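A.B. asks: predicted model and sequence follow; I will ask about them next.
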Amino acid sequence: MNPLKSLKNWVIGDALAAADDVFEKGKIEVLYNFTCLFLLLGMGFLFSSVHAPFVQLFLAILGQVVLLIVLITLKASKNVLWASLTYLFSHTVQNFSYMILQNGNLSAVALPFLILYISFGFLLLGRKWGIVLTLIVLLLISLALYNVSSGYKLFYIEGAKVIDAPAFLILTPLLLNAYLISEFFKTRNKAEKQIAMQQAELARNHEELAQKNKDTVASINYASRIQQAMLPTEETVLRSIPLSFILYKPRDIVCGDFYWFHEIDQDSYIIICVDCTGHGVPGALMTMIGNSILNQVIIDGNITGPASILAELDTRISGTLKQQKQKTDLVQDSMDLSLIKVDKKKKEFIFCGAKRPVIYLHDNELSEFKGNKHTLGGLSEEKKFEEIKQSYSEDDVIYIFSDGFADQFGGNDSKKFMIKQFRELLIAIHKLPMPEQKKRLENELNSWKRDNSQTDDILVIGIKF
């Protein structure tokens, strides 16, 4: 390999590899080339200053040392900004040195070099630095002109010897300016091509993602229709329980809450409010499992005792999800629910719950029956489900619900609605007609939620006896 190329690769190879931007790579190349060039030009100035006054020799040495620091910075830290600023410091020292050593007499060759200095700032460091360097050059020229016109009042160095550059050397800074501008435009063209390629790639990726998202949403929407078909229609429930409502609001397209209804005979029925682990697609899968098992246990198996239903559900959910104690990789999903079995002849209901309560209102007084502490499914100690039997009177109201309404964030402080406020709301509306109660619950939810997104799936079932 060419020794010069080997040296270049050794100094800036790592910096080029670390830069992923075309402009950044271009800056590194230009900075390296300019630094090496001015190191060579500075050698002539250094040799001519050996027998000159000390200040001239010091400035010549300082200029060379700073340029070497630029290369060291590029090699050691790969920090292009700091290397560029160090280079500009060197260039500033050289410009002021030349002005001082010429006692303010700026030659025709010096002015194109000053323009190169400004161009470097604009093209490699941006508009702000270009303006700063322009101001520095204007200050330098002003000082030089004043010093000469005032008869060297500001400074004068006796015996300073600077090689009087031939006029044809004016081509050097002009060519360097041309090179710098051409490198800038070449780099910009490369960047534009790279950006165009990246935009094309992004457009392709966006199109692919949009299509995948469209397919996914279409699949979830279809799954939602399947889930809705699985649920008993509200009309089916209203035919058996005319004084009732079902407020059902999935957080996502599909839902992790579901309700289940079965009319045992003309005088009795079972209605269940189920809150599965999670929401969205995972929760919806659990609802399919739960609905299927409820059909097997109650309809096919003819098990209608509330405690027996929950015990059988717990066993079958654990079996279906392979939740065995010897397993180390467990599916820990589970279900919480409230189950009500109503006997119209006896005017009584039996409640059995798994971590979900029931709220019962009689003569304007609210009673809350707690569910059992066990969830259905998952690993835990031996479970025992107890039933609560309660007689009811005409116009009494009962509510079963998931935790979504009480857990909704909103209000002035973006806090949870909370179960206490939910109880107070039910007391306030329980005498209204059932459709009006549903409407009031929806209005209160929307008023509370405001701009917050829905926190969880919401299911509330109200029944007036």
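C.D. replies: Noted; the coordinates are in hand.

A.B. asks: shouldn't residue 372 be in contact with residue 355?
C.D. replies: Yes: using C-beta atoms under 8 Å, residue 372 is in contact with residue 355, at 7.1 Å. C-beta coordinates here come from the backbone N, C-alpha and C atoms, glycine included.

A.B. asks: in stretch 66-76, what's buried?
C.D. replies: The neighbour-count check on stretch 66-76 (16 or more other C-beta atoms under 10 Å) flags 66, 67, 69, 70, 71, 73, 74 as buried.

A.B. asks: helix or strand for the fifth one, just tell me which one.
C.D. replies: Okay, so that is residue 71. Using DSSP states H and E, residue 71 sits within helix 54-76.

A.B. asks: how far does the helix or strand just after that helix sit from the chain's center?
C.D. replies: The first helix or strand that comes after helix 54-76 along the chain, using DSSP H and E, is helix 80-101. Distance of helix 80-101 from the chain centroid (C-alpha atoms, centre = their mean, to the nearest Å) equals 43 Å.

A.B. asks: which parts of the stretch 151-300 of the chain are helices?
C.D. replies: In the stretch 151-300 of the chain, the segments counted as helices under DSSP state H, counting those that start in this stretch are 171-230, 234-240, 280-294.

A.B. asks: which stretches of this structure have low pLDDT?
C.D. replies: Scanning the chain for pLDDT under 70 picks out 1, 159-169, 323-332, 379-381.

A.B. asks: break down it into its strands, ranges please.
C.D. replies: 244-249, 257-265, 268-276, 335-343, 348-354, 358-362, 365-369, 388-391, 397-401, 409-410, 415-416, 458-464 (DSSP state E).

A.B. asks: could you give the angle of the fifth one to strand 458-464?
C.D. replies: To tie it back to what came earlier, the one meant is strand 348-354. 160 degrees (axes from the mean of the first three to the mean of the last three C-alpha atoms, to 10 degrees).

A.B. asks: ok, the residue nearest to residue 231 when sequence neighbours are not counted to residue 338 distance?
C.D. replies: Excluding its sequence neighbours, the residue lying closest to residue 231 (C-beta to C-beta, 6 or more residues apart in numbering) is residue 258, at 6.0 Å. Counting by C-beta to C-beta, to the nearest Å, the gap from residue 258 to residue 338 is 12 Å.

A.B. asks: which one of those two has more residues nearby?
C.D. replies: residue 258 (30 against 27; other C-beta atoms under 10 Å).

A.B. asks: can you give me phi and psi for residue 431?
C.D. replies: For residue 431, the backbone dihedrals are phi -90, psi -10 (criterion: degrees, to the nearest 10).

A.B. asks: quick one: it and residue 420, what's the gap?
C.D. replies: 20 Å.

A.B. asks: with just CA atoms, put the helix holding residue 71 into PDB.
C.D. replies: Output in PDB follows, covering the C-alpha atoms of helix 54-76 (Å, rounded to 0.1, in the frame of the first residue of the first chain):
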ATOM      1  CA  PHE A  54      12.300  34.700  19.500                       C
ATOM      2  CA  VAL A  55       8.600  35.700  19.100                       C
ATOM      3  CA  GLN A  56       8.600  34.600  15.500                       C
ATOM      4  CA  LEU A  57      10.300  31.300  16.300                       C
ATOM      5  CA  PHE A  58       7.900  30.700  19.200                       C
ATOM      6  CA  LEU A  59       4.800  31.300  17.000                       C
ATOM      7  CA  ALA A  60       6.100  29.100  14.200                       C
ATOM      8  CA  ILE A  61       6.700  26.200  16.700                       C
ATOM      9  CA  LEU A  62       3.300  26.800  18.300                       C
ATOM     10  CA  GLY A  63       1.500  26.600  15.000                       C
ATOM     11  CA  GLN A  64       3.200  23.200  14.100                       C
ATOM     12  CA  VAL A  65       2.500  21.700  17.600                       C
ATOM     13  CA  VAL A  66      -1.100  22.600  17.400                       C
ATOM     14  CA  LEU A  67      -1.500  21.000  14.000                       C
ATOM     15  CA  LEU A  68       0.100  17.800  15.400                       C
ATOM     16  CA  ILE A  69      -2.400  17.900  18.200                       C
ATOM     17  CA  VAL A  70      -5.200  17.900  15.500                       C
ATOM     18  CA  LEU A  71      -3.900  14.700  14.100                       C
ATOM     19  CA  ILE A  72      -3.500  13.200  17.600                       C
ATOM     20  CA  THR A  73      -7.100  14.100  18.500                       C
ATOM     21  CA  LEU A  74      -8.300  12.400  15.300                       C
ATOM     22  CA  LYS A  75      -6.300   9.300  16.000                       C
ATOM     23  CA  ALA A  76      -6.900   9.100  19.800                       C
END
